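**Student:** structural data only, the sequence is not supplied:
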């Protein structure tokens with residue numbers, strides 16, 4: 001059994017792939033194609049790249065429908081469905097809120113309430129027939145940060161499967177993980193070790209990146225319903241069929257403090273069980 005390790009920098013983080021199989025040349029070729037797919041997804045979905053579909057939507061969508069790639073429309077459709085499944089606890093339309101919290105002035109109740117009026121999936125108009133996207137009013141902004149890594153990993157997994165790879169472990173920034181094949185053991189930081197078999201793991205935490213105003217420090221995960229940063233729990237994790245789903249629902253789990261979705265397994269700090277040696281299991 002051969003093992004090949006590959007990595008790339010994309011979406012402001014590090015993606016790493018571990019591939020196992022009999023033919024090393026096949027693994028290298030498949031892995032390089034998977035990395036190229038991750039980089040392609042970044043070019044389509046970056047909210048900061050003037051060449052991306054999302055940039056065009058955010059800057060032009062309130063004035064006219066913007067034609068996008070079919071894969072971008074598929075991503076937005078899935079994001080919309082996951083927002084509905086999470087009952088609004090996850091939402092990729094919070095770009096304006098993210099910009100507010102990354103500004104130089106500390107947000108107030110009034111400024112947060114004003115920007116909240118520019119969020120919500122009912123303000124995103126998807127046209128399947130024309131592969132176009134429009135915004136219902138100015139100021140609405142899409143930001144795929146919560147699920148962009150997961151979507152990229154899912155597309156990379158598709159590339160590997162098409163190339164005949166049957167065992168692989170992929171991660172983006174260690175918080176989004178995809179396992180191809182059975183029996184991959186993955187440790188959640190400050191949590192349990194889980195075994196993934198053709199599954200994905202998404203871990204969300206309010207810290208890691210901080211916004212500081214004076215002596216106050218805020219985490220980067222925002223509650224789409226209140227517009228304020230989440231502070232309640234240290235982390236939340238979801239095991240799901242896809243990394244996109246796992247990332248979205250782990251964010252929703254962190255926001256809500258609870259959650260139970262068919263086909264998924266949820267983990268919160270209170271769910272960590274100690275065995276009789278005092279070790280986490």
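**Tutor:** Arrived safely, thanks for sending. Note that the structure is a prediction, hence the values are computed from the model and not measured.

**Student:** buried stuff in stretch 9-27?
**Tutor:** Across stretch 9-27, burial judged by 16 or more other Cβ atoms under 10 Å covers 10, 11, 15, 17, 18, 19, 20, 21, 26, 27. All C-beta atoms are positioned from the backbone trio N, CA, C, and that covers glycine.

**Student:** can you check stretch 24-42 too?
**Tutor:** Buried, per 16+ other Cβ under 10 Å, within stretch 24-42: 26, 27, 30, 31, 34, 35, 37, 38, 39, 40, 41, 42.

**Student:** okay, the last one: pLDDT?
**Tutor:** Predicted confidence (pLDDT) at residue 42: the value is 94.

**Student:** what sits against it?
**Tutor:** Residues near residue 42 by Cβ atoms under 8 Å, 6 or more residues apart in numbering: 10, 11, 49, 148, 152.

**Student:** helices along the stretch 151-281 of the chain, start to end?
**Tutor:** With DSSP state H, counting those that start in this stretch as the definition, the stretch 151-281 of the chain shows helices at residue ranges 243-256.

**Student:** where exactly do the strands run in it?
**Tutor:** Assigned by DSSP state E, counting those that start in this stretch, the strands in the stretch 151-281 of the chain fall at 167-172, 176-180, 184-187, 193-196, 200-204, 210-213, 216-219, 236-240, 265-267.

**Student:** what mean pLDDT does stretch 101-113 get?
**Tutor:** 90.

**Student:** and the contacts of that stretch?
**Tutor:** Here stretch 101-113 makes contact (Cβ under 8 Å, 6+ apart) with 97, 100, 211, 213-214, 216, 218, 220, 222, 226-229.

**Student:** contacts only, for residue 250.
**Tutor:** Per Cβ under 8 Å, 6+ apart, neighbours of residue 250: 202, 203, 204, 236, 237, 238.

**Student:** enumerate every residue touching residue 126.
**Tutor:** Counting by Cβ under 8 Å, 6+ apart, residue 126 touches 73, 76, 77, 80, 133.

**Student:** from the contacts of residue 250, which is closest to residue 117?
**Tutor:** For the contacts of residue 250, the residue nearest residue 117 by Cβ to Cβ is residue 204; the value is 25.4 Å.

**Student:** what pairs with that closest one across the strands?
**Tutor:** Per DSSP bridges, the residues bridged to residue 204 are residue 236.

**Student:** that one against residue 235, yeah?
**Tutor:** Yes - taking contacts as Cβ atoms under 8 Å, residue 204 lies within contact range of residue 235: 6.8 Å.

**Student:** looking at these two, which one has more neighbours?
**Tutor:** Per other Cβ atoms under 10 Å, whichever of residue 204 and residue 235 has more neighbours is residue 204, with 26 against 21.

**Student:** and residue 157, which of the strands of the stretch 151-281 of the chain is closest to it?
**Tutor:** Of all the strands of the stretch 151-281 of the chain, strand 176-180 sits nearest to residue 157, with 5.1 Å by Cβ to Cβ.

**Student:** go through the closest one and flag the buried ones.
**Tutor:** Residues 176, 177, 178, 179, 180 are the ones in strand 176-180 that count as buried (16+ other Cβ under 10 Å).

**Student:** was I right about the first one contacting residue 149?
**Tutor:** Yes - look at residue 176 against residue 149 with Cβ under 8 Å: they come within range, at 4.3 Å.

**Student:** which residues do these two both contact?
**Tutor:** Taking Cβ under 8 Å, 6+ apart as the contact rule, the neighbours common to residue 176 and residue 149 are 243, 247.

**Student:** any idea how far stretch 17-27 is from the middle of the chain?
**Tutor:** With Cα atoms, centre = their mean, to the nearest Å as the basis, stretch 17-27 stands 26 Å off its chain's centre.
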